[in-house]
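> Requesting a structural model of the entry that follows:
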Amino acid sequence: MYPSLVVFVLAFSLATLALDNGLMRTPPMGWLAWERFRCDIDCKNDPSNCISERLFRDMADRLAEDGWRELGYVYVNIDDCWSSMERDKEGRLQPDPDRFPGGIPKLAKYIHDRGLKLGIYGDLGTHTCGGYPGTTLDKVAVDAQTFADWGVDMLKLDGCYSNVTEQAKGYPLMSKALNATQRPIAYSCSWPAYQGGLPPDVNYTQLGEICNLWRNYDDIQDSWDSVLSIVDWFSDNQDVLQSAAGPGRWNDPDMLIVGDFGLSLEQSRSQMALWAIMAAPLFMSNDLRTLSSEARAILQNKVLIGINQDPLGVQGVRLLKEKSRIEVFWRPLVDSASALVFFSRRTDMPYRYRTSLLNLGYPSGSYKVYDVFTEKTLPVLKHDTYFTVSINPTGVVTWLLTPTMHWGQAQEAMKYNFVEEAIDSTFL
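Below you'll find the model as predicted:
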């Protein structure tokens with residue numbers, strides 16, 4: 001199927017119902033504690049790196065002061081292990097007083113005062129995955145109201161220590177309970193990840209009506225193998241997953257681990273580019289206080305963020321998987337623009353990959369090409385002209401393409417996507 005036809009088909013299919021809270025019309029962006037800090041609660045020996053009020057204030061400061069907020073990274077998300085081991089006398093969840101002495105409402109105010117949003121973690125079950133109090137079916141309404149009263153802006157609801165029946169009741173019930181609070185709280189469901197991620201066990205039409213985003217697959221680990229396993233699963237099942245995503249309802253391949261310990265510079269670029277193509281939520285899990293300039297440049301790449309935040313909201317796909325271990329990914333964007341990622345799974349040496357836009361399914365015409373990572377404009381490319389890209393081992397070459405006849409419209413539309421600041425001086 002040609003890319004242009006895919007756009008038409010997907011635009012039609014995206015008219016299906018989505019959660020009616022009006023939130024997350026583009027993939028959410030922010031910072032999430034779990035992968036980098038896990039369940040570290042040893043505040044006596046390492047107070048700056050434990051799951052505590054101080055950690056989340058520090059990350060909020062960095063998002064607000066280091067240019068992240070203006071790019072869209074606005075969520076500061078608490079994950080597991082934040083609560084006391086007991087509910088209060090009214091049956092409500094409560095934070096551990098030693099690690100959150102000011103309470104969650106005070107932390108929420110600190111975050112909101114910096115133009116950011118607070119996310120929190122819960123679990124539909126008797127206990128969270130870390131062993132803290134969970135949300136059983138009889139506690140769904142009280143927990144939703146507690147989060148609303150605290151000023152929470154997003155809830156991630158996990159599924160440890162629950163069964164299929166409880167999940168089928170509880171995830172829709174929490175959606176209704178959050179809406180009933182009349183506070184706009186974005187809702188992340190882990191439901192499909194506990195049911196294998198695929199139909200018939202997962203009903204993506206229903207998910208799109210009750211959740212803003214959902215975890216489909218395994219937790220990411222700080223390793224290249226983990227990134228590859230996630231990319232493989234999403235690509236192998238893209239025919240099912242692509243139509244499930246759209247404005248207000250997103251597949252979530254899990255956190256960005258750029259700036260941690262497991263990825264090289266090339267692999268970090270690859271994860272960021274592939275997550276942008278997949279219309280994935282961009283939740284960094286790293287230490288923003290010590291982030292390298294190289295990692296920051298990747299995560300703050302305005303054109304790549306613009307691709308991720310494209311308002312058309314179509315999840316990209318893998319077009320080709322070559323014997324050379326080169327893969328090509330494509331995503332349609334507003335006003336006939338598109339993004340291409342040439343991805344190398346090789347580990348030996350740079351590979352020179354030769355093809356044409358015609359071979360990749362592009363219709364007749366000429367295209368302006370911008371290389372996202374080198375930040376350079378390439379010569380105008382005709383659809384049937386062969387070209388060669390040199391891709392580093394485990395790396396990517398990422399292009400933004402616009403038909404020459406549509407360049408003016410694309411420029412106007414991309415103002416929403418932060419693209420014009422990076423490319424106006426280059427293209428015009």
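
> What is the burial count for Lys169?
By the criterion of other Cβ atoms under 10 Å, Lys169 has 14 neighbours. (C-beta placed from N, C-alpha, C; glycine too.)

> for Glu294, that is, sorry about that
Per other Cβ under 10 Å, the neighbour tally for Glu294 reads 13.

> That one should be in a helix, yeah?
Yes - according to DSSP: H, G, I helix; E, B strand; the rest coil, the state of Glu294 is that of a helix.

> Nearest residue to it in space, please, no chain neighbours.
Excluding the flanking residues, the one nearest Glu294 by Cβ to Cβ, 6 or more residues apart in numbering is Leu265, at 5.7 Å.

> again, but for Val369
Closest residue to Val369 apart from its sequence neighbours, by Cβ to Cβ, 6+ apart: Leu378 at 4.2 Å.

> roughly how far apart are that neighbour and Cys211?
40 Å (Cβ to Cβ, to the nearest Å).

> Among these two, which residue is more densely surrounded?
In this view Leu378 and Cys211 are compared by other Cβ under 10 Å, and Cys211 has more residues nearby, 27 against 15.

> my guess is the more buried one meets Arg249, correct?
Yes - the criterion here is Cβ atoms under 8 Å, and Cys211 meets it with Arg249 at 6.7 Å.

> Spit out the residues that contact the two alike.
Common neighbours of Cys211 and Arg249, using Cβ atoms under 8 Å, 6 or more residues apart in numbering, are Leu19.

> now Leu228, nearest residue through space, not along the chain?
Of all residues not flanking Leu228 in the chain, Arg345 sits nearest, at 7.5 Å (Cβ to Cβ, 6+ apart).

> Who are the contact partners of that neighbour?
228, 325-327, 394.

> now swap in Tyr217 and tell me
Tyr217 neighbours (Cβ under 8 Å, 6+ apart): 193, 197, 230, 233-234, 253-254.

> Check it and give its pLDDT.
Here the pLDDT value assigned to Tyr217 is 98.

> Three-state assignment for it, please.
Put simply, Tyr217 is coil when judged by three-state DSSP.

> Next, count neighbours for Ser84.
Ser84 has 16 nearby residues by other Cβ under 10 Å.

> Dihedrals phi and psi, it?
Per-residue torsions, Ser84: phi -70, psi 160 (degrees, to the nearest 10).

> Hmm, it is touching Gln94, no?
Yes - the pair Ser84 and Gln94 qualifies as a contact (Cβ under 8 Å) at a distance of 4.9 Å.

> tell me, what's touching those two both at once?
Residues touching both Ser84 and Gln94 (Cβ under 8 Å, 6+ apart): none.

> Run through the residues that contact Lys117.
Applying Cβ under 8 Å, 6+ apart, the residues near Lys117 are 30, 74-76, 111, 153-154.

> Revised request: answer the last question for Leu116.
Leu116 sits next to 30, 60, 63-64, 69, 74-76 when contact means Cβ under 8 Å, 6+ apart.

> can you list the domains in this protein?
Domain assignment for the chain by automatic domain parsing gives 18-308, 317-427.

> Of those, flag the one that's most buried.
Among the domains of the chain, domain 18-308 has the highest mean neighbour count (mean count of other Cβ atoms under 10 Å), at a mean of 20.

> starting at the chain centroid, how far to that one?
For domain 18-308, the separation from the chain centroid amounts to 9 Å (computed by Cα atoms, centre = their mean, to the nearest Å).

> if you average pLDDT over each of the domains of the chain, which comes out lowest?
domain 317-427 (a mean of 86).

> My guess is Leu256 contacts Leu288. True?
No - Leu256 is beyond contact range of Leu288, at 11.9 Å (criterion: Cβ under 8 Å).

> Remind me which helix or strand the residue of the chain most remote from its centre belongs to.
Most distant residue from the mean C-alpha position of the chain: Lys89, 37.2 Å away (Cα atoms, centre = their mean). Using DSSP states H and E, Lys89 sits in no helix or strand.

> So which residues of the stretch 51-200 of the chain form helices?
Secondary structure of the stretch 51-200 of the chain (DSSP state H, counting those that start in this stretch): helices at 53-65, 68-71, 103-112, 140-150, 164-180, 191-194.

> Appreciated, that's everything.
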